[in-house]
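A.B. asks: take this sequence and fold it.
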Amino acid sequence: MEHWQEMLRQSVDSSKDLVERFGFNTELANRLNSLFHIRINPYYLSLIRYPGDPIWLQCIPDAKELEEDGLPEDPLAEDSHSPVPSIVHRYPDRVLFLTTSQCSMYCRFCTRKRKVGDSSKINMKYIQGGIDYIAAHPEIRDVIMSGGDPLMLTDFMLERIISGLRAIPHVEIIRLGTKMPCVLPQRVTPKLVKMLRKYHPIYINTHFNHPWECTLEAKRACEMIADAGIPLGNQAVLMKGVNDDPDVMLELMRKLLAMRVRPYYLYQADITKGANHFRTPVSVGLNIMDKLRGHTSGLAIPQFVIDAPGGGGKIPLLPQYVLGRNGNQIILRNYKYDIYTYPDVEEDPKIPTPTVERRFTRKKKRTAPTYAPDEAKV
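C.D. replies: All right, here's what the predicted structure looks like:
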């Protein structure tokens, strides 16, 4: 058994643990664990500094999860875009491939609570069906492996799936969506990255939400991945009490870049059943973006997006930089709220193309005589 697997075995993962280690009422602990599984591995648990801090909020269950909020279990309508059990096919040229139900830490704000942690819904028996679906659809050039967390699979199982995908000629890009570099960086081993580098181009999108998660262990894991030639991106979720502060987010983005992780998306929290207490007004996210742009490198600026309810896909949101227009002058503001005008280009009106009276056609080429051996010389 590898070290990371031994660490997983020491996780807080039952209602009994909640009662004994965190003083939960037994009935409440049982109800929370029934609603969505609990798992906090010892590494991530060690990042908590005090009850209710940004790390605590992400991993320790809260009675608010049980409130009847009327929100959907499947806010992004993934199930209606699922042609086979392991595939979500929403965009034309890419699919989400669900490869395991397991995570090393179950995030309390998870969008896929209805499936994650339930091996009857995301199961290895569906893997081949997913590979067969991808092979049968030549328009799919980009596969995003997710779950659960695909790095919960053993190296052997992970390689079986990746090699199966790489054998499909039209699959150009394989992406892994994993939170392991953040929540259990010990999972990133020399053996793992040696295997992954055989199947380039591979990309990894990871998931840091707070600067306290950017530890030396996490930095080491990200550097090993980057050294294997795998570009790293980060998908953060904006959450009340966790990172809804411009200074916190600025520190996070700068630390990610220093770990060779490019900030990719900042998500407005989804309207998921049992996670409404994490949501913030959209204006909070816009204010954060306003405080990032111009105040740090453009490399550190993620796209702020809402994943549209009902499966509409990601919609980018930006602070208002275009203030108006005066004739051909566009009125803009910069990050310091200084006003500038930019002369727009006025294109010449298009001249209608005259009608061609006689259609041009190319002469047909003469067919070259077919070569045949001179029978007399044979």
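
A.B. asks: where does pLDDT dip in the stretch 251-378 of the chain?
C.D. replies: Low-confidence regions of the stretch 251-378 of the chain, defined by pLDDT under 70, span residues 354-378.

A.B. asks: the stretch 101-250 of the chain: helices as residue ranges?
C.D. replies: Taking DSSP state H, counting those that start in this stretch, the helices of the stretch 101-250 of the chain run over residues 127-135, 155-166, 180-183, 190-196, 216-227, 246-258.

A.B. asks: point out the most buried one among the ones you listed.
C.D. replies: Most buried of the helices of the stretch 101-250 of the chain by mean neighbour count (mean count of other CB atoms under 10 Å) is helix 180-183; its value is a mean of 27. Yep, even glycine has a C-beta here, placed from its N, CA and C like the rest.

A.B. asks: convert the C-alpha atoms of that one to CSV, please.
C.D. replies: Output of helix 180-183 as CSV, limited to C-alpha atoms (Å, rounded to 0.1, in the frame of the first residue of the first chain):
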residue,chain,number,x,y,z
MET,A,180,-5.3,16.0,-5.1
PRO,A,181,-2.5,18.6,-5.3
CYS,A,182,-4.5,20.6,-2.9
VAL,A,183,-6.1,18.2,-0.5
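
A.B. asks: what residues of stretch 149-156 count as buried?
C.D. replies: 149, 150, 151, 152, 153 (16 or more other CB atoms under 10 Å).

A.B. asks: which of the residues you listed lies closest to residue 230?
C.D. replies: residue 151 (12.4 Å; CB to CB).

A.B. asks: is it true that that closest one touches residue 180?
C.D. replies: Yes: counting by CB atoms under 8 Å, residue 151 touches residue 180, with 4.3 Å between them.

A.B. asks: which neighbours do these two have in common?
C.D. replies: Common contacts of residue 151 and residue 180, defined by CB atoms under 8 Å, 6 or more residues apart in numbering, comprise 187, 188.

A.B. asks: what's the closest non-adjacent residue to residue 314?
C.D. replies: Spatial nearest neighbour of residue 314, excluding adjacent residues (CB to CB, 6 or more residues apart in numbering): residue 305 at 4.3 Å.

A.B. asks: circling back: for residue 275, find the nearest of the helices of the stretch 101-250 of the chain.
C.D. replies: Between residue 275 and the helices of the stretch 101-250 of the chain, the shortest separation by CB to CB is 17.6 Å, and it involves helix 180-183.

A.B. asks: contacting residues around that closest one?
C.D. replies: Contacts of helix 180-183 (CB under 8 Å, 6+ apart): 41, 43-44, 103-105, 149, 151, 187-188, 204, 206-209, 213, 218, 221-222, 225, 232, 261.

A.B. asks: pLDDT score for the closest residue to residue 164 other than its chain neighbours?
C.D. replies: Leaving aside its sequence neighbours, residue 164 sits nearest to residue 131 (CB to CB, 6+ apart; 4.8 Å). pLDDT for residue 131: 96.

A.B. asks: ditto for residue 153
C.D. replies: Looking at residue 153, its pLDDT stands at 96.

A.B. asks: show me what contacts it?
C.D. replies: So residue 153 contacts 99, 100, 161 (CB under 8 Å, 6+ apart).

A.B. asks: do the same with residue 36
C.D. replies: Per CB under 8 Å, 6+ apart, neighbours of residue 36: 61, 65, 106, 108, 110, 113, 116, 117, 274.

A.B. asks: which pLDDT value goes with the residue nearest to residue 172 when sequence neighbours are not counted?
C.D. replies: With CB to CB, 6+ apart as the criterion, residue 172 has its nearest non-adjacent residue at 4.4 Å, and that residue is residue 141. pLDDT for residue 141: 98.

A.B. asks: mind putting the contacts of residue 36 in CSV, distance to residue 95 and neighbour count included?
C.D. replies: Converted to CSV, the contacts of residue 36 look like this (distance: CB to CB, whole Å; neighbours: other CB atoms under 10 Å):
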residue, distance to residue 95, neighbour count
61, 32, 24
65, 30, 19
106, 24, 22
108, 27, 23
110, 20, 19
113, 21, 22
116, 18, 23
117, 22, 19
274, 27, 23
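
A.B. asks: out of these, which comes closest to residue 85?
C.D. replies: residue 116 (14.3 Å).

A.B. asks: quick one: that closest one from residue 101, how far?
C.D. replies: Look at residue 116 and residue 101: by CB to CB, to the nearest Å, they are 6 Å apart.
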